[in-house]
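[1] Predicted coordinates and the sequence they were generated for:
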Amino acid sequence: MLGRSYGSRLEADLPRWAAAGWVSDDGVKAILAEVREQEASTSGPNRLISILSVLGAILIGAGVLSFVAANWQDMPRLFRLGLLVTCIWASYGAAAATFRRGLDAFAHALVLLGSVIFGASIMLVAQMYHMNGNPPDAVLLWMAGSLLAGVVMNSNPTIVFSLLLTCLWGAWETQETYGVYWPFLLVWALPTIALVWRDCRYGVKLAAIAIGAWIVSLGYLLPDYPNHLLVLIIGLVIAAGGFALSKTPQLEERHGRLLLALGYAIAFAALFGAQFLTAHISFAALVILAVLALLMSVAAIWWGLKTHDATLHRIAYAAFAVEVIGIYIKTIGTLMGTSVFFFSAGLGVVALAVAAFWVDRRLRKMIGETP
Amino acid sequence: MKAFKLNIWLAALIVAALQTSALAYMIVERASLLKNGREIVLDVRPVDPRSLFRGDYVILSYSAISSLPKDLLQTLPVRRKAMPAYVTLKKASEGWQPIAVDTRYPDKVAPDEVVFKGRFRNKWSGRINYGIENFFVPEGEGKELEKLIRAGQLRAILAVAGDGTIGLKALEVEGQRRYDQPLY
């Protein structure tokens, strides 16, 4: 799971297993062939082609945007718009043709290009009629067009793009109104449902990050600012839900895992805000919150390692480091206090490690497994 | 992996057609506002030009309505940022002047009155955006237009729809209509 690919590890192990007589030589060949085929579709040159074509589409799109901005006067208005609309039709048409020929990487890039040009056209129309009513509305229309293209043409990069536009729109409206922007929840759900349905893992992760940031922002935007307790509770509820889901065999385990990591990250952000972004905090409260944040992170690291959940344990390691740096900066100057705190925190973590080891051994004994 | 089961050519056609219709709708709506809206002329002055993606433009400030006088605002119990503002203007000898502001469209509007729909820019002052503050000019002509504007009196020619939506039609420098644009 970490480091080398599954295929290269199998390649190292299989000859040994074949020599021991556990697997036949034909079996080795068959296993390797299947794994290699699987990996070829998700990594290596194919992956590179996808990434490069998507980046290319974004660059060409940016070129179209600046072209629109720069060549105002040289072309009649409707001609400029007609050019853009032609580009939209050409992009989707070319995408369909390339999908048909099995060149999916290029096809996805072309769908994305079509959606970027759609955005450029919206901007051009706004410019033609001197419109600046409410710029986020234009972003929302762009988002809707991209989502439609991504879903109907089965293209994950474009659905992810519509998710990014949703974030831009939500952030813009939040900044305009300077309050919690509730419609974000509804609009965020649309690309997220599409991404879960299409099983696009990086997209679902991005959607989780987006909603996590929105939930954390609640703590700062609600009237009784700063409201870290609420964020902490939401985070813990999400983590608990994720934990329960990851234990339910009927459902996809990794959705539960992702929710667990998301809930943990939200809860940690709340604790971090309460400790370091609050104007006045008593030393006792700081110590309690810091201990809570560290304990929670240690628990998350332990659980992540135990269940081979790389996302969770990496986030928890990072959070642990951030927490330690935060404490260090906050208590700098009272060096004695800092050293006492780290000393006791260190002892606490070691004690936890011993306790975890002991619990783990007892559990294994109970189910009759040797350590 | 689940997929939308649709012929790919048909899918491309649907997407392209719907996106094109969205653009067409935007244009038709604006053109009809500019064509059928009531024409109102207001004094303006330029604030500051330039935008990254959209070429040169001049930001316009409307002397009568961009910032409402304090006494008009007292009718509003609460104010918050981006709250809708319906400003009623009445024709006076010195031009259109604001006489009332509300958060919804007023029930009665006299024939010599007109209603502008906008949004409060913040909760403290009476500054309002109406969506008519940007005037895009051909690239390179921004500075020239600015000079022209500094020298003489500037007016904006607006089109106002029955629901308070406003479109910016053209500019008038020293009583002369300039940058008048075709509907399409």
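    Sure, I can see it.

[2] Just give me the neighbour total for residue B:72.
    When neighbours are counted by other Cβ atoms under 10 Å in any protein chain shown, residue B:72 registers 15. Bear in mind the C-beta positions are built from the backbone N, C-alpha and C, glycine included.

[3] Show me which residues of the stretch 151-300 of chain A are close to chain B?
    Taking Cβ under 8 Å from any Cβ of the partner chain, the part of the stretch 151-300 of chain A that reaches chain B is made up of A:151, A:152, A:153, A:154, A:176, A:177, A:178, A:179, A:197, A:198, A:199.

[4] mind listing what the first one touches?
    Looking back up the chat, that one is residue A:151. A:159, A:194, B:4 (Cβ atoms under 8 Å, 6 or more residues apart in numbering or on different chains).

[5] which one of those residues has the most neighbours?
    Result: residue A:159 is most packed of the contacts of residue A:151 (other Cβ under 10 Å), 30 neighbours.

[6] Nearest residue to the residue in the stretch 1-150 of chain A positioned nearest to chain B in space, please, no chain neighbours.
    The minimum distance from the stretch 1-150 of chain A to chain B, using Cβ to the nearest Cβ, falls at residue A:133 (3.3 Å). Distance criterion Cβ to Cβ, 6 or more residues apart in numbering or on different chains; nearest residue to residue A:133, sequence neighbours excluded, is residue B:131 at 3.3 Å.

[7] quick one: which helix or strand includes residue A:143?
    helix A:135-152 (DSSP states H and E).

[8] Residue B:27 now?
    helix B:8-36.

[9] so after the strand or helix carrying residue A:210, what's the next helix or strand?
    According to DSSP H and E, residue A:210 maps onto helix A:201-221. Helices and strands here follow DSSP H and E; after helix A:201-221, the next one along the chain is helix A:228-246.

[10] What degree of burial does residue 81 show, as a neighbour count?
    No chain was given, so I picked chain A. By the criterion of other Cβ under 10 Å, residue A:81 has 20 neighbours.

[11] let's do chain B instead
    The number of residues near residue B:81, taken as other Cβ under 10 Å, comes to 15.

[12] How is it classified with respect to secondary structure?
    Assigned with DSSP: H, G, I helix; E, B strand; the rest coil, residue B:81 falls in the coil class.

[13] before we move on, what about residue B:156?
    strand.

[14] List the residues that contact it.
    Applying Cβ under 8 Å, 6+ apart to residue B:156 gives the contacts B:41, B:42, B:44, B:60, B:62, B:132, B:135, B:168, B:170, B:171, B:172.

[15] Nearest to residue A:189 among those?
    residue B:132 (34.1 Å; Cβ to Cβ).

[16] contacting residues around the nearest residue to that closest one once chain neighbours are set aside?
    Counting by Cβ to Cβ, 6+ apart, the nearest residue to residue B:132 once its immediate chain neighbours are dropped is residue B:168, at 4.5 Å. By Cβ under 8 Å, 6+ apart, the contact set of residue B:168 is A:129, A:130, B:132, B:134, B:135, B:156, B:157, B:158.

[17] need the helix or strand of the chain with the lowest average pLDDT.
    Answering for chain A, as no chain was given. Within chain A, no helix or strand scores below helix A:335-366, which has a mean of 73 by mean pLDDT, DSSP states H and E.

[18] sorry, should have said chain B
    Result, chain B / mean pLDDT, DSSP H and E: helix B:142-151, a mean of 68.

[19] Which helix or strand contains the residue most central in space within chain B?
    What sits nearest the mean C-alpha location of chain B, by Cα atoms, centre = their mean, is residue B:132, with 2.4 Å. Using DSSP H and E, residue B:132 is not contained in any helix or strand.

[20] For it, give me the backbone phi and psi.
    Main-chain dihedrals, residue B:132, degrees, to the nearest 10: phi -120, psi 20.

[21] Relative to residue A:178, how far out is residue A:171?
    With distances taken as Cβ to Cβ, to the nearest Å, residue A:171 is found 12 Å from residue A:178.

[22] and what of residue A:29?
    Taken as Cβ to Cβ, the span from residue A:29 to residue A:178 is 64 Å.

[23] Residue B:169 too?
    From residue B:169 across to residue A:178, the span is 32 Å (Cβ to Cβ).

[24] repeat for residue B:7
    47 Å.

[25] ok, back up a step: which one of residue A:171 and residue A:178 is surrounded by more residues?
    Neighbour totals were compared for residue A:171 and residue A:178, and residue A:171 leads with 18 against 13 (other Cβ under 10 Å).
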